[in-house]
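Novice: Below is the structure, and that's it, no one-letter string:
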């Protein structure tokens, strides 16, 4: 997923807080760099006249057109999650359940569950049909730092 741009030269910064503090605070420019839409071009598809803040070369790898073509990208994951959200929409109540010290889940009235493994180690994948996973699943396990939606 796209990260904040940390290396913006002082001469190209625009945030007033940078100038008011004489550079002691770098301000918000790093998170205001225009999003990359295409994998190449002067402004990665942001506009014909270039971007108002410098975009690093690595931006192309995170462009919308690049991520849209990769089924394992963050953009693809979020698009699948949003599509499922409409399908799984139900009453707003939910019930929390603990699987282990580092694994927590929620269950919705219509039977779908989200299980989050906040730990580093894999755990047994709970029973159910996998609807969505934030990382690849192997050998019937839920990897560390991974969330899965089940029905």
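Specialist: Now that the structure is in, tell me what you want to look at. If you're wondering where the values come from, they're calculated on a predicted model, not measured in any experiment. Numbers count the residues shown, from 1 in each chain.
Novice: Could you name the helices and strands sitting against the longest helix anywhere in the chain?
Specialist: Among all segments of the chain classified by DSSP state H, the helix with the greatest residue count is helix 74-88. Using 3 or more Cβ pairs under 8 Å, 6 or more residues apart in numbering; DSSP states H and E as the contact test, the elements touching helix 74-88 are helix 64-68, strand 130-133, strand 146-150. The C-beta positions use only the backbone N, C-alpha and C, and glycine is treated the same way.
Novice: Output those in a markdown table; the columns should cover mean neighbour count and distance to residue 104.
Specialist: Output for these, formatted as a markdown table (neighbours: other Cβ atoms under 10 Å; distance: least, Cβ to Cβ, whole Å):
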| stretch | mean neighbour count | distance to residue 104 |
| --- | --- | --- |
| helix 64-68 | 17 | 28 |
| strand 130-133 | 16 | 16 |
| strand 146-150 | 20 | 10 |
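Novice: Tell me which of those lies nearest to residue 23.
Specialist: Taking Cβ to Cβ as the measure, those were each checked against residue 23, and helix 64-68 came out nearest at 32.6 Å.
Novice: Would you mind pulling up the elements that that closest one packs against?
Specialist: Helices and strands touching helix 64-68, as assessed by 3+ Cβ pairs under 8 Å, 6+ apart, comprise helix 74-88.
Novice: what comes into contact with the helix it packs on?
Specialist: Residues external to helix 74-88 that are found in contact with it (Cβ atoms under 8 Å, 6 or more residues apart in numbering): 1, 64, 67-68, 70, 108, 110, 112, 131-132, 134, 149, 151.
Novice: Kindly report the same for stretch 124-141.
Specialist: Taking Cβ under 8 Å, 6+ apart as the criterion, the residues outside stretch 124-141 that touch it are 72, 77, 80-81, 84, 88, 99, 105, 112-113, 115, 122-123, 142-143, 145-151.
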